[in-house]
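In: I'd like to go over a predicted model; first the sequence, then the structure.
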Amino acid sequence: MTPELPALERSASDLQAQSAFRDWVRRLVSGAAELQALDAGQIDAIMDPATERAVLLPRARAALRHSSRIAAIARAGAANRLLAALPATEYARLLSGFELVELTYGDVLHEPGQEMQHVYFPTDCLVSLLTVVEGHRALEVGLIGREGMIGSRLALGITTSPVRALVQGTGTALRIKPARFLKEFRRSPALQRGVFRFTDTLMIQVSQTAACNRFHLVQARLARWLLMTRERLTSREFQLTHEFLADMLGVRRAGVTAAASVLQRQKLIRYRRGIITILDQQGLETACCSCYQRVKLMGLDAAT
C-alpha cells in the first residue's frame with residue numbers, strides 16, 4: 001500500500017512532523033541511486049501518490065522562500081534613490097543583508113548617544129531627525145525619505161546616533177546591520193559616492209533648517225515643511241497633529257494652529273482631525289520661504 005503524506009507536514013514544522021515527512025519520502029524512493037540522490041539534496045520534489053501532485057522537499061521550499069524574499073527586497077530597493085543609483089552588481093551584493101520592514105508613525109529608530117542597531121533605507125516612509133534638549137524637548141533638524149538613508153554617520157566611523165530618528169510617515173524601509181553595511185561600503189566606490197553625496201545634502205538641509213527656524217515666520221516655515229514632506233511621500237495627504245507640528249517647527253501649538261488656519265483660508269491645504277491634505281502645491285510654494293528652493297530635492301517625481 002502506498003503511504004499517505006503525513007498530515008502534520010501540511011500544517012506544522014515541529015521535529016515530529018519533520019521526522020514523519022522524511023520517513024514518508026524515503027518509503028517512496030526505490031533503489032540505492034535515488035536514495036543517494038535524495039540524501040545529497042539533488043531531488044527537489046517528489047510525487048504524492050494519493051493526490052498525484054508534486055510535493056516540494058524542505059530544502060527546495062527554503063530556497064524558494066529565499067528567492068521570493070530577495071525578489072521582494074530588490075523591488076522595494078528600487079524606490080530608494082540612493083540604492084537605485086548603484087550598479088547592479090554592487091546592489092546585488094547588498095540584497096542578502098537587507099530586511100524589508102514596516103515602520104509605523106511614532107516608531108523611534110535611534111536615540112541620541114545610543115549605538116545604531118540598523119541602517120535604514122526608506123522606500124515609502126518618512127523619518128524626522130530630532131535634536132533633543134533637556135531630555136524631553138525636541139526640535140526637528142532634518143527630514144529623510146526615499147532619497148537617502150538613516151545611519152550615514154557610520155560611514156565616518158561613528159557608531160552612535162547624534163539625534164532621535166522618529167518615523168513620521170508610516171511605510172516600508174530596507175534595513176541592514178551596521179557591520180554588513182560597512183563591509184559593503186568599504187568595497188563599493190559607488191556606494192561610497194552615494195552616501196557621501198547624500199550626507200552633504202543632509203548637512204545643507206540641517207544648516208538651512210536651523211536658519212529658517214530662527215529667521216522666518218511660522219506660516220512660511222510650515223509651508224516649507226509640508227512641501228518637504230510631500231516630496232518624500234507618495235501622497236498629498238498625511239497624518240499630523242498640531243502638537244507634533246509644534247515640536248517639528250519649535251513653536252507653541254497656538255502658533256501652528258494660527259499658521260495652518262491661514263493656509264487653509266487661502267485654500268492651499270485642508271486640515272481635519274489630524275489629517276493635512278495639500279490642495280494647491282504651486283500656491284504653497286509661493287507661500288513658503290526661500291529655504292525650500294535651497295533644500296528642494298531634485299530627481300524625485302513631485303507629481304506622484
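Out: Cool, got the structure. Numbering: from 1, shown residues only.
In: I'd like the distance between R270 and Y91.
Out: Taking C-beta to C-beta, to the nearest Å as the measure, R270 falls 40 Å from Y91. In short, each C-beta sits where N, CA and C put it, glycine included.
In: which one of those two is surrounded by more residues?
Out: Between R270 and Y91, counting by other C-beta atoms under 10 Å, Y91 is the more crowded of the two (20 against 15).
In: surely that one meets A85?
Out: No - the pair formed by Y91 and A85 falls short of the contact definition of C-beta atoms under 8 Å, at 9.1 Å.
In: where in this structure is pLDDT low?
Out: Applying pLDDT under 70 to the chain flags residues 1-19, 21-70, 135-136, 298-304.
In: isn't there a strand covering L130?
Out: Yes - looking at L130 with DSSP: H, G, I helix; E, B strand; the rest coil, it is inside a strand.
In: who touches G97 in this structure?
Out: Contacts for G97 (C-beta atoms under 8 Å, 6 or more residues apart in numbering) come out as I176, K177, R180, F181, E184.
In: no no, L139
Out: Counting by C-beta under 8 Å, 6+ apart, L139 has contacts L130, T131, V133, N213, D247, M248, G250.
In: report the buried residues of the helix ranked longest in the chain.
Out: Secondary structure of the chain read by DSSP state H shows that its longest helix is helix 189-215. Judged by neighbour count using 16 or more other C-beta atoms under 10 Å, the buried positions of helix 189-215 are L191, G194, V195, F198, T199, L202, Q205, V206, Q208, T209, C212, N213.
In: my guess is the fifth one meets A155, correct?
Out: So the one you mean is T199. Yes - contact status for T199 versus A155: in contact at 6.9 Å, counting by C-beta under 8 Å.
In: going along the chain, name the helices of the stretch 101-250 of the chain.
Out: 178-187, 189-215, 218-232, 242-249 (DSSP state H, counting those that start in this stretch).
In: how big is the angle separating the last one from helix 218-232?
Out: Going back to what we said before, that points to helix 242-249. 90 degrees (axes from the mean of the first three to the mean of the last three C-alpha atoms, to 10 degrees).
In: just the CA atoms of helix 242-249, as CSV, please.
Out: These are the backbone C-alpha positions of helix 242-249, laid out as CSV (Å, rounded to 0.1, in the frame of the first residue of the first chain):
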residue,chain,number,x,y,z
HIS,A,242,-0.8,70.3,15.9
GLU,A,243,1.3,69.1,18.8
PHE,A,244,3.6,67.1,16.6
LEU,A,245,4.0,70.1,14.2
ALA,A,246,4.8,72.4,17.1
ASP,A,247,7.7,70.1,18.1
MET,A,248,8.9,69.9,14.5
LEU,A,249,8.9,73.7,14.0
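In: that one relative to helix 189-215, how many degrees between them?
Out: Using the same axes, to 10 degrees: helix 242-249 against helix 189-215 is 110 degrees.
In: show residues contacting the helix or strand following helix 242-249.
Out: Proceeding N to C from helix 242-249, the next assigned helix or strand is helix 253-265, under DSSP states H and E. Residues from elsewhere that reach helix 253-265, judged by C-beta under 8 Å, 6+ apart: 217-219, 221-223, 242-243, 245-246, 249, 269-271, 276, 284, 287.
In: enumerate the positions of helix 253-265 that are buried.
Out: So, applying 16+ other C-beta under 10 Å, buried residues of helix 253-265: G255, V256, A259, A260, V262, L263.
In: please name the nearest non-neighbouring residue to V163.
Out: L129 (4.5 Å; C-beta to C-beta, 6 or more residues apart in numbering).
In: ok, F181 next?
Out: In space, F181 is closest to V119, 4.7 Å off (C-beta to C-beta, 6+ apart).
In: what distance do you get for that neighbour to A138?
Out: For V119, the distance to A138 - C-beta to C-beta - is 22 Å.
In: neighbour count: these two, which is higher?
Out: V119 (26 against 20).
In: which ones are touching the more buried one?
Out: V119 neighbours (C-beta under 8 Å, 6+ apart): M149, I150, G151, L154, R175, I176, K177, P178, F181.
In: what's the burial count for A155?
Out: 19.
In: my guess is it meets R193, correct?
Out: No - counting by C-beta under 8 Å, A155 does not reach R193; the two are 11.0 Å apart.
In: any idea how this structure splits into domains?
Out: Segmentation of the chain into domains, based on automatic domain parsing, reads 7-56, 80-212, 216-295.
In: I'd like those domains laid out as CSV, including distance to A71.
Out: Listed next are these as CSV, based on distance: least, C-beta to C-beta, whole Å:
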stretch, distance to A71
domain 7-56, 17
domain 80-212, 9
domain 216-295, 21
